[in-house]
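[1] how would this look folded up:
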Amino acid sequence: MRILEAQEVTKAFGGVVAVNKVNFNVEQGLVNGLIGPNGAGKTTLFNQITGMDVPTSGKIIFDGNDITGLPAWKISRLGIARTFQNIRLYNDLTVVENVMMGLHFKVGSDPFHHRLAQAFRSYFNAGKENRELYTRALEWLEFFNLTHVKDEFARNLPYGNQRELEIARALASEPKILFLDEPAAGMNPAETEHLMKIINRIKEHGVTVVLIEHDMKLVMNICDNITVLSFGQKIAEGTPEEIKSNPLVIEAYLGREDD
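    A predicted model of the protein is given here:
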């Protein structure tokens, strides 16, 4: 079942069309890959879906709701979380505090409704609320085997663990879909292998995953469906086996031989 549909999504920056009428479907409960050469428009499409930017035209439907142009915080509350190419952590907060920040997205109601009552509840329940957030954050750290470094500052973690912490913080918001933007970037083979196991566990946990990645071994071994972009347009979609043998995909990555 489709949980998300990007319909004819276009994003233009002046005269440059970064994404051109792309249709992109995300199947619920699967690992969905989005690949393509550098500059293909993958992250731009991610940004339109997750509210980091607004499409020039087109529509994005998530879980039956039109979310086109909504701000990122609203989309997060609806159930879409993401990570970034460049790790974005609160480096001066501890590991457990970083995960607690992710949990705050699910605390309370819409901040623009009943603000006075919400303020009173928050004031009187702050201690209990923080204890609950701390306990739930520890559960996510245990999922990633990071409990032993819960009191370390995020900046002191090894690179691979920082990547894991960013994913843990995103998952703490209890999303229906998790968008991962090049999570294996900068990782060594052992770290990438570990990441593959983590993504499989996330899928088993019931979270749909959408993955941008340049590591083709990772993509082909973990994705159920793959969509390929080139120069801002969708050129192929299918299973890993279908993508491997698609001549348009081979040409996009390797170039066309001259006659």
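[2] what about G69, how many neighbours?
    Residue neighbour count, defined by other C-beta atoms under 10 Å, stands at 13 for G69. For every residue, glycine as well, the C-beta is placed using N, CA and C.
[3] What is the neighbour count of the nearest residue to it once chain neighbours are set aside?
    With C-beta to C-beta, 6 or more residues apart in numbering as the criterion, G69 has its nearest non-adjacent residue at 4.7 Å, and that residue is V54. Other residues near V54 number 12, with proximity taken as other C-beta under 10 Å.
[4] and V54, backbone torsions?
    Recorded main-chain torsions at V54 are phi -110, psi 130, according to degrees, to the nearest 10.
[5] before we move on, what about the one 10 residues further on?
    G64 adopts backbone torsions of phi 90, psi 0, taken as degrees, to the nearest 10.
[6] so how far is E5 from it?
    G64 sits 10 Å away from E5, taking C-beta to C-beta, to the nearest Å as the criterion.
[7] Quick check on these two: which one has the bigger neighbour count.
    For the pair G64 and E5, the greater number of neighbours falls to E5 (15 against 8), based on other C-beta under 10 Å.
[8] Next, the closest residue in space to the more buried one that isn't next to it in sequence: phi, psi?
    Residue nearest to E5 in three dimensions, not counting chain neighbours: I61, with 4.6 Å by C-beta to C-beta, 6+ apart. Taking degrees, to the nearest 10, you get phi -110, psi 120 for the backbone angles of I61.
[9] Can you name the residues that contact I61?
    When contacts are counted by C-beta atoms under 8 Å, 6 or more residues apart in numbering, I61 touches 4-5, 7, 67.
[10] any chance you could map the helices in the stretch 1-150 of the chain?
    Listed in chain order, the helices found in the stretch 1-150 of the chain under DSSP state H, counting those that start in this stretch are 42-49, 72-78, 95-103, 115-143.
[11] could those go into TSV alongside mean neighbour count and mean pLDDT?
    TSV is the format used below for those (neighbours: other C-beta atoms under 10 Å; pLDDT from 0 to 100):
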stretch	mean neighbour count	mean pLDDT
helix 42-49	23	96
helix 72-78	16	93
helix 95-103	23	93
helix 115-143	13	72
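[12] quick one: which of the ones you listed is nearest M220?
    When the helices of the stretch 1-150 of the chain are ranked by distance to M220, counting by C-beta to C-beta, first place goes to helix 42-49 at 16.5 Å.
[13] elements contacting the closest one?
    Contacts of helix 42-49 with other secondary structure elements, assessed using 3 or more C-beta pairs under 8 Å, 6 or more residues apart in numbering; DSSP states H and E, are made with strand 2-13, strand 16-27, strand 31-35, strand 57-62, strand 177-181, strand 208-212.
[14] repeat that with 7 Å
    Contact partners of helix 42-49 among helices and strands, from 3 or more C-beta pairs under 7 Å, 6 or more residues apart in numbering; DSSP states H and E: strand 2-13, strand 16-27, strand 177-181, strand 208-212.
[15] outside of it, which residues touch it?
    Contacts of helix 42-49 with the rest of the structure, by C-beta atoms under 7 Å, 6 or more residues apart in numbering, involve 6, 9, 11, 18-19, 22, 24, 34, 36, 53, 55, 60, 82, 85, 179, 181, 212, 229.
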